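Engineer: give me a model of this one.
(chains A and B)
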Amino acid sequence: MEYSNLRRQAAYMKKSLFDQGYLDEQFYQLEELQDDVSPNFVEEVVTLFFRDSARLISNIEQALDKCPQEFSKLNAYVHQLKGSSSSIGASRVKNECTLFRQYCDEENLEGCLKSFQKMKREHAVLRQKLESYFQLLRQVGPAEKATRPSM
Amino acid sequence: MENLSASSRTEAFPVGLRVLVVDDDPTWLKILEKMLRKCSYEVTTCGLARFALEMLRERKDHFDIVISDVNMPDMDGFKLLEHVGLEMDLPVIMMSIDGETSRVMKGVQHGACDYLLKPVRMKELKNIWQHVYRKKMQEVKEIEGHDINEDIQIRNEFEDFEDRHVLNGTDMNSMRKRKDVDNKEHADQEFTDPATVKKARVVWSVDLHQKFVNAVNQIGFDKVGPKKILDLMNVPGLTRENVASHLQKYRLYLSRLQKQNEGRNFGGNMQSDFSSKDVTANFDLHSSTQMQQNGASSKYIYTNQKIPAQVIVPDGCADDFKNVVSLQVMDSKQALLSDVSDSQKVNSVSQLGVLLSFKEMMPIVDMKPLEPAISRHQSWNGGIPVMQFMQYPKHNHKRCSLLEDYSCLPKPDQEHQVFADHVHTPPSVISVTCNTEDDMCSVSELKPVHTNQKSSHIKPISPVPFMTNPVSVQVDSGLSNTQDYSGLSNTQDFGATCGKDGSTNQKDHYNDQTCSGWIPPPLQLSLTNETDLVSLPEQLQLCSLQGIGCFENVGLNNMEIFQYNDSTSAIEVHGNWYDSLEFNCDYLYDSADYPIVDECLFA
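Structural biologist: Okay, here's the model as predicted:
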């Protein structure tokens, strides 16, 4: 009973992540790739993404801190982050990256800084949401296995 | 895995495609790796473009295709693309998060064979093998013109002929000439019409195909994959795609064979008798001649040289031909497929009889509805030879059991000889026809021969005579009695008894015996029929050898006749047949002796 509740909760969380535009279709793709060979594939990928994106964000931060800014370099970093966020379907982060790159092209430092802050926020929120989501899933996961035979 | 190979009809080819993925983004690297593995590809991932380039330089033969991200910190993806294109000439797929036209264009300009946008989807990756395939095709085309290996003849063919393999006989010179001509033509074509798509093809020569079949057998038919075969074959210049497509055809061929319920006479004689004339019309004739010749040579040690046998292999038939060859090879390995046992049977026999089989094959392979002429052919070809050793399914209902017996035979290789004896019989019949014709005997008489055989075959002719006669045993086994055996299901004995020895004995008998007794047999009715039938083939052989000149005139006509005359009663036939023999010259006499021998034994 409790498990099914958790499961429903997890499903709800995921749905809201989609509804609020945090995630896009790519996340489903990841879920489809998950199989018996790699049963935790989605979580592994997401974990990998956050580890790597943290590195990218710090790169961007350093580039922004530099004075004068090398916008092309900055642009490249942001581009990297954009590509990376597309891997798990982190669509809000990705969209912010797109905006960010426009500012880079315009060499609009103010826009860049603003965009960077927003992007970091999106990134952090998504991380937190996904962490709790996977935590929920981990609780549900074993329960599923336990209950399946009796059903 | 399974669906993949099933969906793409290239068999296993895309499976195991070796992909190198280069992306500085570890997340994407992980996802791509997973996706590609799901496509049944072999995946190597690399996070640094420089490292990827090193790896490619060291082991460029370890990869079929490269997928690379465009934006990488250590090296621009386009640069990598350029290097890979120049140094290893591997197909490279670029991918990037943004699809600005200028970027994509740059990729294409640098030689990317594809440009994927992130997020990359499974369905796109599933399809990337096509780039490898395309590249290989181009390569083959480029290589073409150089003889990499004697075994591999590569020529350009237009799409129309895509599925035709040109048979390259032993006559390499003519082949080369032809090839040159083709090259020129193609070159011209290229300039005038760049749109024309040309296909490069490996011509599966006999030797090459034999290697192929050997490899298949070695691996085991269930486990074969193009790559394994390729490795085993170890033929420079041959690509996995070549092997894959050939394997596919080979499988199709086998399955077709399976479907075909009729036993077929396959020839495996790939020796030097082929020249490349393009006279299709005469094809049948020639082939029969050759058959005959072979049979004679193997059995009686007559000189082949006397008879210049010409086998004409029209392009269209090339495929079939090859198939035939393959069969032959197969047999040496014993049955690959139990179902194909027919063909196998035939094969073992076939060392001698390429041509006949060839004809038969044509209709099958082409899948055309049989034209009347062809069908006649078939009946003709198939009918006679099969009856001899195979128990032609049409007539023989016990074929299956026979086949099994055959398969029990210890060594196919050894048996070749034995079978051979039987094999030539059919041709000999043909030759007989020729002689008769020459001698002005009526065609109908010839027919009778055929009929006799058939009828004898069909009837469960008395096993009694054979069994009872201890003396006769050897002779029988050697030659003609296959039919009887089949009926009796004594095949095993047959196999054991028959051999070179058997044939030799026969030969001796042959020579020693006088013609004195030969007339009586025809008079003897049902029981004798058997003997006659049996004996006939051999006689025919002799005749044919001597009367080779006549062959040329014999062709489709005869075959037609054969069919029509089936209805003739056995007795009548015999009478006619013998009469005709009488009319004929000395060699006929010799042939006559043969039956006599049998007769005596039986009597």
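Engineer: and residue A:5, how many neighbours does it have?
Structural biologist: 10 (other CB atoms under 10 Å in any protein chain shown). Yep, even glycine has a C-beta here, placed from its N, CA and C like the rest.
Engineer: kindly report the same for residue B:113.
Structural biologist: When neighbours are defined as other CB under 10 Å, residue B:113 has 21 of them.
Engineer: let me know the pLDDT of it.
Structural biologist: On pLDDT, residue B:113 comes in at 94.
Engineer: ok, it touching residue B:135?
Structural biologist: Yes - with contact defined as CB atoms under 8 Å, residue B:113 counts as touching residue B:135 (7.3 Å).
Engineer: quick check: neighbours shared by these two?
Structural biologist: Counting by CB atoms under 8 Å, 6 or more residues apart in numbering or on different chains, the residues touching both residue B:113 and residue B:135 are residue B:91.
Engineer: give me the element residue B:44 is part of.
Structural biologist: Using DSSP states H and E, residue B:44 falls within strand B:42-46.
Engineer: what sits against the residue in the stretch 101-250 of chain B that chain A sits nearest to?
Structural biologist: Here the stretch 101-250 of chain B gets closest to chain A at one residue, residue B:119, 4.6 Å apart by CB to the nearest CB. With contacts taken as CB under 8 Å, 6+ apart, residue B:119 has the following neighbours: A:26, A:29, A:86, A:87, A:89.
Engineer: and the third one, its phi and psi?
Structural biologist: So that's residue A:86. Torsion angles at residue A:86 (phi, psi; degrees, to the nearest 10) stand at phi -70, psi -20.
Engineer: how about residue B:253?
Structural biologist: Main-chain torsions, residue B:253, degrees, to the nearest 10: phi -60, psi -50.
Engineer: that one - how many residues pack around it?
Structural biologist: By other CB under 10 Å, the residues close to residue B:253 number 22.
Engineer: how close does it sit to chain A?
Structural biologist: Noted for residue B:253: a distance of 37 Å to chain A, by CB to the nearest CB, to the nearest Å.
Engineer: in stretch B:235-250, what counts as buried?
Structural biologist: Residues B:235, B:237-250 are the ones in stretch B:235-250 that count as buried (16 or more other CB atoms under 10 Å in any protein chain shown).
Engineer: which residue, neighbours along the chain excluded, lies closest to the residue most central in space within chain A?
Structural biologist: Central residue of chain A (CA atoms, centre = their mean): residue A:90, 4.2 Å from the mean position. Spatial nearest neighbour of residue A:90, excluding adjacent residues (CB to CB, 6 or more residues apart in numbering or on different chains): residue A:126 at 5.5 Å.
Engineer: any low-confidence regions in the stretch 1-150 of chain B?
Structural biologist: Applying pLDDT under 70 to the stretch 1-150 of chain B flags residues B:1-11, B:144-150.
Engineer: where do the strands sit along it?
Structural biologist: With DSSP state E, counting those that start in this stretch, the ranges of strands along the stretch 1-150 of chain B come out as B:18-22, B:42-46, B:65-69, B:92-96, B:114-117.
Engineer: low-confidence regions, the chain specifically.
Structural biologist: Using chain A. For chain A (pLDDT under 70), the answer is A:1, A:142-151.
Engineer: I was after chain B.
Structural biologist: Ranges of chain B meeting pLDDT under 70: B:1-11, B:144-203, B:205-206, B:256-603.
Engineer: can you give the domain ranges for it?
Structural biologist: Domain ranges of chain B: B:2-133, B:144-259, B:283-602, per automatic domain parsing.
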